[in-house]
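> Sequence and predicted structure, then a few things I'm wondering about:
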Amino acid sequence: MAELFDSITFEIDFNAGSWTDVSDEVLINPQPTFRRGNPNNGPQDRVARIGTIFFALKNLAGKYSPGHTNAQSGFGVGNKVRLSFTFEGETYYKTQGKIPKGGIRPLAGSLGKRYTEVDAHDWLKQVTQHELRLMTLALNQRSDQAIALVDANLQVSPINTDYRTGTANFPRVFHTTKDRTPAVAEIKHFVDSELSYYYVTGDRTDGETVVLESRFTRSTSVDTDTLPKSISESGNRLLEDGTNKLDEDGTIRILNETEDAVFSNNMEDMSVEIGANLANLIKSKSWPVEIDAAATTILFTLNEVIELTAGQTITGYRGAYIDPDGSGRRVSGTEMVTPVSATDYSANAQADGGGANKTAQLTVIASVGTEAIEYELTNSDTASIFITTLQARGKGMYEYQKFESIREDLASQAIHGVISLSVKFKYEPDVTIVQSYGDIVLSETTSDDVVVKGIPFHANYDSKTMYGFLVLEPGSRFAVVEDHTGVSQDFFVQGYEATIINKNMVDFTIFPRAADLQTFWVLGTSKLGEDTGLGIG
């Protein structure tokens, strides 16, 4: 039976903490859309893409033209946007994001369309645009601990997190961080080195929960998720005499029944490719680290004289670490030495160093990270001074040689030729584990199996597809039976996209990843050799 939402609600936070319902001003055309998670399902598609929301607001009198005399107060770049759906009295916050620069586009012309297009981006935008700054070397870290350290480096924190305890223990992290390394790049290093997943889901409160899986999360999730049954399909609670049990207001009490998230021939279509992720030669790469024995290596040195006028302070003067071998290559550093007067810095009354020594009038405060050092430099003299020496000493960390393990399927190569795939495990130094990871990736790419790329549904088709849309999020497990293609298997949600039609209907497409790929044997949960491969950890 076809179902309709109680409501679909668009909200904007104009005042940094107060949500305003703008649903009545959202246009049917252009159709609102949103996307979340990862649209791809290959072995390296473990970190979600930036989630997006798009809609258009009525703008007849310039209300949604920032700078207009009639403009909505507070409307602008940086506003939060939230989208929720209510069905049978229950509200599901499917997504939340922020309006980015360029995300507000009023269409000009008093005789034209007169609406404003709005984009919003989810949490992945924050970690994509943020460049890590002055991260310090951390030892013996799990992926969840390391990502928490990344979060601490951001100016904006995720609303909710669900970080599962990591399985791998990385001897050191952040030694790969260089100048302008995006936070998402480090997150991907952790996720790839753990063989886990990182994404954002909706929830029942905010529309933003950042999730980090562990290596074993999907191996221990062996059953499909459950969906609520609609009120019309749930039974009534009965008394011992067989009559309906009533609430205090006289209404019949309904059982809270559920059903498995299994969809049988009720999808609108299905995108299927044969051998889409085929690869038969896997190059697994790791980068062992060489670290100096003593904290005496000069990793940064001033190459031009700095003038400080009387009483002047310079902040944020940054020096990236450079390989002392003269190659000019960026390297990392640890155990950096607190700057020592006359050794690590000096100043003079003249730019050429031929005047009076002014080092005593120079105050140097250093903040260090694995990728660079930042200085605060202050001149306490009544005249200009010139900094002629400034250097940073510590232990250099070098990734000179990478380890590469080759795993291949000769039988597949005889049929298809050599199809190679390179996979990077930046934080896993154990050669045996890296080789095993290569075997795992090869096992899931070496055959030309059916790969389901996308499964479109009409949410309003019936209560199961309705609750499928509302409840299933990236990481959820569900099953599909489709007779025409012969597909009958379990999947995990990689991501999804949705289009809102006529303010009360939704078409959505799930981007799936087969559940039988990259599963590990877990004691008491799996059957080794039947539904899983050998676990590592």
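That came through fine. Numbering: from 1, shown residues only.
> After the helix or strand of the chain with the lowest mean pLDDT, which helix or strand is next? Please name it.
Every helix and strand in the chain was compared by mean pLDDT, DSSP states H and E; the lowest is helix 217-220, with a mean of 90. Scanning forward in sequence from helix 217-220, with DSSP states H and E defining helices and strands, the next element found is strand 226-228.
> now that next one, how far from the centre of its chain.
Relative to the mean C-alpha coordinate of its chain, strand 226-228 is positioned 27 Å out (Cα atoms, centre = their mean, to the nearest Å).
> quick one: contacts of it?
90, 256-261, 464, 467-468, 471-472 (Cβ atoms under 8 Å, 6 or more residues apart in numbering). For glycine as for every other residue, the C-beta is placed from the backbone atoms N, C-alpha and C.
> again, but for stretch 51-63
For stretch 51-63, contacts defined as Cβ under 8 Å, 6+ apart pick out 10, 22, 25-27, 30, 32-37, 64-65, 68-72, 81, 83, 95, 97, 106-107, 114-124, 200.
> how about that stretch: buried residues?
By neighbour count on 16 or more other Cβ atoms under 10 Å, the buried set for stretch 51-63 is 51-57, 59, 62-63.
> With stretch 488-498 instead?
490-498.
> Just the CA atoms of stretch 174-186, as PDB, please.
Output of stretch 174-186 as PDB, limited to C-alpha atoms (Å, rounded to 0.1, in the frame of the first residue of the first chain):
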ATOM      1  CA  PHE A 174      51.200  11.800  12.100                       C
ATOM      2  CA  HIS A 175      54.800  11.300  11.000                       C
ATOM      3  CA  THR A 176      53.400  11.400   7.400                       C
ATOM      4  CA  THR A 177      51.800  14.800   7.900                       C
ATOM      5  CA  LYS A 178      53.300  17.500   5.800                       C
ATOM      6  CA  ASP A 179      52.500  21.200   5.100                       C
ATOM      7  CA  ARG A 180      48.900  21.600   4.000                       C
ATOM      8  CA  THR A 181      47.900  18.000   4.600                       C
ATOM      9  CA  PRO A 182      44.000  17.900   4.600                       C
ATOM     10  CA  ALA A 183      42.500  16.200   7.700                       C
ATOM     11  CA  VAL A 184      40.600  13.800   5.400                       C
ATOM     12  CA  ALA A 185      43.900  12.600   4.000                       C
ATOM     13  CA  GLU A 186      45.200  11.500   7.400                       C
END
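> Quick check: next helix or strand after the longest helix anywhere in the chain?
Secondary structure of the chain per DSSP state H: the longest helix is helix 431-445. Moving toward the C-terminus from helix 431-445, the first helix or strand encountered (DSSP H and E) is strand 450-458.
> That following strand pairs with which strands?
Its sheet considered, strand 450-458 pairs with strand 271-274 (antiparallel), strand 505-514 (antiparallel) by DSSP bridges.
> The first one: what's the following helix or strand?
Spelled out, it's strand 271-274. Note on strand 271-274: by DSSP H and E, the next helix or strand toward the C-terminus is strand 281-286.
> residues contacting Phe457?
Residues near Phe457 by Cβ under 8 Å, 6+ apart: 263, 266-268, 465, 468-469, 507-510.
> again, 7 Å this time
Each residue near Phe457 by Cβ atoms under 7 Å, 6 or more residues apart in numbering is listed here: 267-268, 465, 468-469, 508.
> I'd like the list of those residues that fall within strands, please.
The subset of the contacts of Phe457 located in strands under the criterion DSSP state E comprises Phe508.
> Out of the buried residues of stretch 51-63, which two sit at the greatest distance?
Greatest spacing in these, by Cβ to Cβ: Gly51 and Gly62 (29.6 Å).
> Show me the helices in the stretch 301-450 of the chain, by range?
For the stretch 301-450 of the chain, helices defined by DSSP state H, counting those that start in this stretch occupy the ranges 410-416, 431-445.
> Quick one: mean pLDDT for the first one?
Right, the one you point to is helix 410-416. When pLDDT is averaged over helix 410-416, the result is 96.
> in it, what counts as buried?
Of the residues in helix 410-416, those buried by neighbour count under the rule 16+ other Cβ under 10 Å are Ser412.
> what about that helix, distance to the chain center?
Per Cα atoms, centre = their mean, the centroid offset for helix 410-416 relative to its chain is 36 Å.
> cool, and stretch 179-187?
Stretch 179-187 has its C-alpha centroid displaced from the chain centroid by 11 Å (Cα atoms, centre = their mean).
> mind listing what's buried in it?
The neighbour-count criterion (16+ other Cβ under 10 Å) identifies 181, 183-187 as the buried residues of stretch 179-187.
> Same check on stretch 36-51?
Across stretch 36-51, burial judged by 16+ other Cβ under 10 Å covers 36-39, 41-43, 45-51.
> So for Ala356, which of the helices of the stretch 301-450 of the chain sits nearest?
For the helices of the stretch 301-450 of the chain, proximity to Ala356 was assessed by Cβ to Cβ; helix 431-445 is nearest, at 57.9 Å.
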